[in-house]
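**Student:** got a predicted structure plus its sequence, pasted below:
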Amino acid sequence: MAALISGGWLAMIGGLLLGPSGFDVVTRPTLLQTFPLLEAGMGWIGLMVGLQLRREVLKALPNTLRKLVGVDTLMSAVVFGGAAIGLLSWCWRGRSNAPVVEGTIVLIAAAVGWAMETRSLRGEGAAEERLAVLVRAGGSLASVVAIVVFAIGIMHANHPIALGGRAWPALVIAPAMCAALAVFMGVAGRYMLTLAGKQTEYQLAVFIGVVAFVAGIATELETPSLFAALLTGAVMANLKGVDLRRFERFILGAEHALAVIFAIVAGVLLDPVIGWGGLIAALSLVALRLIGKPMMMRGALRSQRARHDPPGKGELPARSRLYAGAARQSPIATVMLVSLVLAHPTEASQELLTIVALTGLLCEVLTIARRTPAPKATAPETAANAAAPEQEGAAS
Amino acid sequence: MKALRIVLTILALVGFALLARLLTGKGEAAPARDGAIFHYEQGVRETVTGLGLMLLGAWLTGKLAQLAKLSKITGYILFGIVIGPHFFAALNLDFAVIGKDELRYLKLANNLAIALIALSAGGEIDLRFVRQSLKMIGCIVGSQVVVVVGLVGGAMVAVFHFMPELGVAPGHAIAIAIVVAVIATASSPAVVIALVEEVRARGAFTQAVLTVTVCKDLILVVLFAIAMAVAGAMLGVDTGGEHSLAAHLVMHLGGSLAIGAVFGLALAAYVHFIGAHLALVLIGASFGLALIGARLNLEPLLAALAAGVLMRNVYPSQTAPLFETVRELSVPVYAVFFAVAGCKTDPVAFATVWPAVAALVIVRGLAVVLGTWAGAKVARVDAVTQRWGWTAFISQAGVSLALAYLLTHDFESVLRPEEGAAGPVPLEMVLISAIAIHELVGPILFKVGLGRSGDAGREDAGPEGVEPPSTEGKGPGVSSEGGSPAAGGAKAEA
């Protein structure tokens, strides 16, 4: 139950009941009229993720983690991408290729990573703790990759942008503009924070202004606000001069509330009547996640340990429910799909949102409900073992 | 150097927004895809940039205004005027940073601001103080209403007579003049509260003008409804729907107060039992109030005021953190609210109707000075309030704009000189231009008033910095809690 609540699934079901598919208290047009605020909320999430990308944090990431996320991204692209293109071509037969390609990239982005929540799965012991840190840090890092993949999918499908009398592909101009925006807002944001000083109300004004401005420019460029805000956050985090700790604390403080808001919005926007095609697609993705993701994580971590980690230092449990936890979908997936529906409110987007929401919910329920053997203590709890999580804790 | 940096940052923000718009076709709506379940109207997507630009630009211009020893609010409004849809049009340039379409959708942010401002204003009303100061409030409000309605009403009848191009027929002049005069009695609680917070003012003068402003707003809503109904009857225009005036008033006011009470209780319970994410909850509740108000045809301003009064007076200690959050949200909210108000200012319209605007501004100014002084004198309020109290009542903003809109909207059939003509009616241009001048001049005057009263900066001095009220026994009997109940009162209770 804790995972369902923290994962926002109950809020999503609440949204479904409130929305047009339920009691129609909140209609879709009404919700879409709040577009500016929802886009600003997307910017908030993007900035929140981007601010974590400090140079020193990225340098401190262990190789194990990088490889784990790399393997996961590759697997998502090949396995989930392959499945998605097949399923969407079949579901949307008779339609042009463009939505299938866009849908496939979006489903790949949704497949990347896993839920960062580990409390509902974790056992005891330092080895389990070390694995839990890897799961959390890996999930966070993978969400950055997911946002980038998602942005590529959206920009790829956009109309060309006219510049200097020529039409340029959106995939060339939009990222360049986003990068320029990130640098500009990073520098300007830092300056404005200096002007704001330590007064909370001024910091709030700067923060909301930066988030809305970045999200707004991204929206006008038909680029996901998540992506532009992520870049801006990364730039701000890596510029020297201003202490961002208060700023970050404030942003992170709203994390749970924002998750609940977006879960409700997702519930209102999704269409539960997706037909057999959508249902089969969702069930196939669930099966792939439940089988493929734990295998991938176990395999990636085992090979890394054999190659790099000295014996006894980075001991990971051979069996743990946390490996199965990789099957749980990242919460950023739902946010990305809400972003897609807001950007392009079409039946196809709505269907993709429903598929992803259903996949996420089923993976959550099945992972938590599945009984796995109790974790075994794999090695004596050495001082080195106990120290190991600290390094990754810092990374996470 | 600091000013130059701020100006460069503002220019860069505006430049970036324009560049993005240039690349994507000047804000034209993107073609809809196949199978669309919803189409965005023109301007919706650009509103996000508008919101960010408005907030950052207005905040930075407020900083510039501070450097020039002006009020921040003046800066917010000036920024809105410059980036609004009318400024560059007045210079014959086909160019606007914030277009009319975007302005329409920024209404959402405006509704949020009105609810938050009203909540904050309600939180400033200490019913014990109101009970103690009933005579002072009654005298100042009554005197202002009588003098302003009398002088402005008379002046407007004369203006309508000498300026037939305003489209008010001689037979309609008195009825319309009454409503215009009632609108002229309105002042802006938002400006008063924002300036009190900006200069950290505290004391007898501050408490007196705050309470009078907020109480006058409550009375004004009733007065306006009556004036509209009377004018409607005189002009033969139906403004109350199928209900009688009394029934309409009871439903409108009673419903707003009831909804406000429910919201107040719910918010107080939330703060008491949960107390997390107050900023988001407050924003959500304000939106809810605005939406419910629109759906049930209630007055969100009145409802939020009622909620604020209830929380402040019934659950003071439990809701203190909530009012602290309202204060923290005040800077972004005021920046957007006043910048949006500035955007609506139309210099071209002003150029065509300036004699009427000048008459309205001058007569209203004199009437406010005279009305406030006379009321304060009768109530035997202290000399400072008698002398400088009027400075708080010059400014006008959101409520006045809303009332002006209601007047010209409901009586459009009798106010438009040529039937079927497009654009705003001439009287609306007069009212909006006058309100814009009051918006700009009001904060400057009130800042002077706060400075001269000696209340400015006392909030930072702490409770020991509050001197006993300098009334003659019957004036603003400020309690030991100090001037600003939302902050000072809560602190005292804590």
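**Tutor:** The structure has been received and is ready for your questions. Numbering: from 1, shown residues only, chains lettered A, B, ... in the order given.
**Student:** pretty sure B:Val381 is in a helix, no?
**Tutor:** No: membership of B:Val381 in a helix is not supported by DSSP: H, G, I helix; E, B strand; the rest coil, which gives coil.
**Student:** pull the number of nearby residues for the residue in the stretch 51-200 of chain B positioned nearest to chain A.
**Tutor:** Nearest residue of the stretch 51-200 of chain B to chain A, counting by Cβ to the nearest Cβ: B:Gly52, 2.9 Å away. For every residue, glycine as well, the C-beta is placed using N, CA and C. B:Gly52 has 27 neighbours, counted by other Cβ atoms under 10 Å in any protein chain shown.
**Student:** in a strand, B:Thr345, correct?
**Tutor:** No: secondary structure of B:Thr345 (three-state DSSP): coil, not part of a strand.
**Student:** got the contact list for the residue of the stretch 51-200 of chain B closest to chain A?
**Tutor:** Listed by Cβ atoms under 8 Å, 6 or more residues apart in numbering or on different chains, the contact set of B:Gly52 reads A:40, A:208-216.
**Student:** number of nearby residues for residue 157?
**Tutor:** All of this is about chain A. When neighbours are counted by other Cβ under 10 Å, A:Ala157 comes out with 19.
**Student:** that's the wrong chain, I meant chain B
**Tutor:** 18.
**Student:** wait, isn't it in contact with B:Ala175?
**Tutor:** No: at 10.2 Å, B:Val157 does not count as touching B:Ala175 under the criterion of Cβ atoms under 8 Å.
**Student:** distance of A:His159 from A:Leu221?
**Tutor:** A:His159 sits 11 Å away from A:Leu221, going by Cβ to Cβ, to the nearest Å.
**Student:** so what's residue 292 closest to, chain neighbours aside?
**Tutor:** Using chain A. Using Cβ to Cβ, 6 or more residues apart in numbering or on different chains and skipping residues adjacent in sequence, the residue nearest A:Gly292 is A:Val79, 5.9 Å away.
**Student:** that was the other one, I meant chain B.
**Tutor:** Spatially, and ignoring its direct neighbours in sequence, B:Ile292 is nearest to B:Ile259 (6.2 Å; Cβ to Cβ, 6+ apart).
**Student:** ok now do the one you found, which residues does it touch?
**Tutor:** Residues counted as contacts of B:Ile259 (Cβ under 8 Å, 6+ apart) are B:289, B:292-293, B:296, B:298, B:303, B:306.
**Student:** element containing it, please.
**Tutor:** For B:Ile259, the element it lies in under DSSP states H and E is helix B:255-273.
**Student:** output the helix or strand just after that helix as CSV, nothing but the C-alphas.
**Tutor:** Following helix B:255-273 in sequence order, the next helix or strand is helix B:278-296 (DSSP H and E). Taking Å, rounded to 0.1, in the frame of the first residue of the first chain, the C-alpha atoms of helix B:278-296 are listed here in CSV:
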residue,chain,number,x,y,z
LEU,B,278,1.1,24.9,2.5
ALA,B,279,2.2,26.9,-0.6
LEU,B,280,0.8,24.3,-3.0
VAL,B,281,-2.4,23.8,-1.0
LEU,B,282,-3.0,27.5,-0.8
ILE,B,283,-2.5,27.9,-4.6
GLY,B,284,-4.9,25.0,-5.1
ALA,B,285,-7.5,26.4,-2.7
SER,B,286,-7.3,29.8,-4.3
PHE,B,287,-7.9,28.3,-7.8
GLY,B,288,-10.7,26.2,-6.4
LEU,B,289,-12.3,29.3,-4.9
ALA,B,290,-12.0,31.2,-8.2
LEU,B,291,-13.4,28.2,-10.2
ILE,B,292,-16.3,27.7,-7.8
GLY,B,293,-17.0,31.5,-7.8
ALA,B,294,-17.2,31.5,-11.6
ARG,B,295,-19.4,28.4,-11.7
LEU,B,296,-21.8,29.6,-9.0
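**Student:** if you count neighbours, what's buried in the helix or strand just after helix B:278-296?
**Tutor:** Next helix or strand after helix B:278-296 toward the C-terminus (DSSP H and E): helix B:300-314. For helix B:300-314, burial by neighbour count (16 or more other Cβ atoms under 10 Å in any protein chain shown) applies to B:300-313.
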